[in-house]
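K.L.:
What shape does this take:
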Amino acid sequence: MGNERNWAGNLTYAAGAIEHPSSIAELRAAVTTGGTVRMLGSRHCFNDIADTPGTLIALDRMPREIRVSDDRASVRVAGGLRYGDVAPVLDEQGLALANLASLPHISVAGAVATGTHGSGDGIGSLASAVRALTVMTASGDVVELARGDDGFDGAVVSLGALGAVVWLDLDVEPTYQVAQHVFEHPSWDTVLADLDAVTSSGTSVSLFSTWQRTDAADQLWIKQRIAGTRAEARDQQSARDALVAGLGAAAAQGKRHPILGVDPQACTEQLGTPGAWYERLPHFQLGFTPSAGEELQSEYLVPRADAVAAIEAVRALADRIAPVLLVNEVRTVRGDDLWLSSSYGADAVGIHFTWRPDEEAVRALLPEIEAALPASARPHWGKVFTLDGAEVRARYPRWDDFAALAARHDPERRFVNEYLRRLGL
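P.N.:
Below you'll find the predicted structure:
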């Protein structure tokens, strides 16, 4: 196969081959022809969740289906498509998704299977928008599951354990515009005194810090849906101005990158300039290499009740974290009922780390961070973490139900890899 690597370059896949089927028949042949298999998305996972010594299967050459339902309430998309491919097509038809991740470069099926999310108090993870999915199992059978069906809540965030997700039906709504505002140096003490007030100040809110200083965060990004009337827009601005003044922050005088000192050209437009939802909700534009390029990522999500304690734990480790860190982002996710969602059962706050590309140093530091975080912290499935499988399983009340569901769909364990075995599957 050659030295095929993930996006970050920290993992070389062990697979003997990568198959790129272009039809259901070719996919069935790839899935059922002996040996272990795993699905490969946009390669944006920073661990071995998508690896196998057998065959990797990528859906990037399957038919590029994007089909809006007759009632215009949902869209069926091919699992191998990227969100950045889907969003403009929806917008042209006057439709939108409720949320996007910070990167539009990621595949729909891969993002959903790992519980990937954007930010917003009232917005769920990308997986929460799934109303139905079509899975090809290791036997070549095609299984369709929809909201309300037995096992659906376990099948959405699946870690790739059930089979190949060929299509997904996603909730859509009428298109909308968003404006993005960036503010610098909000006081951490004031932020943490009323975190809810800060995270509810926009449709999507993120706090960025390099932890070079502990008195103030570097930046506060507020992405806000454009209000329907001028009066509502004035009210939004007044509330935002009052909040920012109370935090001791100041509006950025130019476009900013989340990582201090990095050219912001790759970022979506800021300075309050309105734009289509898919051109503002992500931090980065599809046409550019996102974030820093060479980097590693980790993330831990905690229930909102534990959020201040989690941020304070990271703050207390600032001198240990800063030398290895590119940037830390704090963002929020609405709770859901999906069994392996990191926001299962409660609204969550994510503590996201973008690291310098030094995996040895990152892995040496992570146990210290994981021990300091509240015991409720759940690691993002696609990023670097060191918690052992038993500890991770204990943080998901429906884990045993998911294991039984995976065993029903893949009784021969063809989709099981070392990553899943470490989790106890």
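
K.L.:
ranges for the helices of the chain?
P.N.:
Shown for the chain, the helices assigned by DSSP state H span residues 24-32, 83-92, 108-113, 152-155, 188-193, 195-199, 230-246, 307-316, 318-321, 359-372, 389-394, 399-409, 418-422.

K.L.:
Which segments of the protein make up each domain?
P.N.:
Following automatic domain parsing, one gets these domains for the chain: 66-175, 177-389.

K.L.:
among the ones you listed, which is nearest residue 7?
P.N.:
Shortest separation from residue 7 across those is recorded for domain 66-175, at 8.3 Å, computed as CB to CB. Quick note: C-beta positions are derived from backbone N, CA and C, even for glycine.

K.L.:
what about the stretch 251-400 of the chain, any weak spots by pLDDT?
P.N.:
Applying pLDDT under 70 to the predicted model, the residue ranges of the stretch 251-400 of the chain that meet it are 289-293.

K.L.:
okay, which residue is most central for this protein?
P.N.:
The centroid of the chain falls nearest to residue 116 when counting by CA atoms, centre = their mean (2.4 Å).

K.L.:
Would you check how far apart that one and residue 128 are?
P.N.:
Counting by CB to CB, to the nearest Å, the gap between residue 116 and residue 128 amounts to 11 Å.

K.L.:
what's the answer for residue 47, then?
P.N.:
Going from residue 47 to residue 128 by CB to CB gives 23 Å.

K.L.:
more crowded one of these two?
P.N.:
For residue 47 versus residue 128, the count of surrounding residues by other CB atoms under 10 Å is larger for residue 128: 25 against 22.

K.L.:
tally of neighbours for the closest residue to the more buried one other than its chain neighbours?
P.N.:
Spatially, and ignoring its direct neighbours in sequence, residue 128 is nearest to residue 336 (4.6 Å; CB to CB, 6 or more residues apart in numbering). Applying other CB under 10 Å, we find 23 other residues in the vicinity of residue 336.

K.L.:
same question, residue 403
P.N.:
17.

K.L.:
Run through the residues that contact it.
P.N.:
For residue 403, the residues meeting the contact criterion (CB atoms under 8 Å, 6 or more residues apart in numbering) are 424-425.

K.L.:
Would you mind measuring from it to residue 383?
P.N.:
Relative to residue 383, residue 403 is positioned 22 Å away (criterion: CB to CB).

K.L.:
Next one: the closest residue to residue 98 other than its chain neighbours, what pLDDT does it get?
P.N.:
Closest residue to residue 98 in three dimensions, ignoring its sequence neighbours and counting by CB to CB, 6+ apart: residue 123, at 5.5 Å. According to the predicted model, the pLDDT of residue 123 comes to 95.

K.L.:
how much space between residue 123 and residue 281?
P.N.:
Residue 123 sits 9 Å away from residue 281, taking CB to CB as the criterion.

K.L.:
now swap in residue 81 and tell me
P.N.:
Using CB to CB, residue 81 is found at 17 Å from residue 281.
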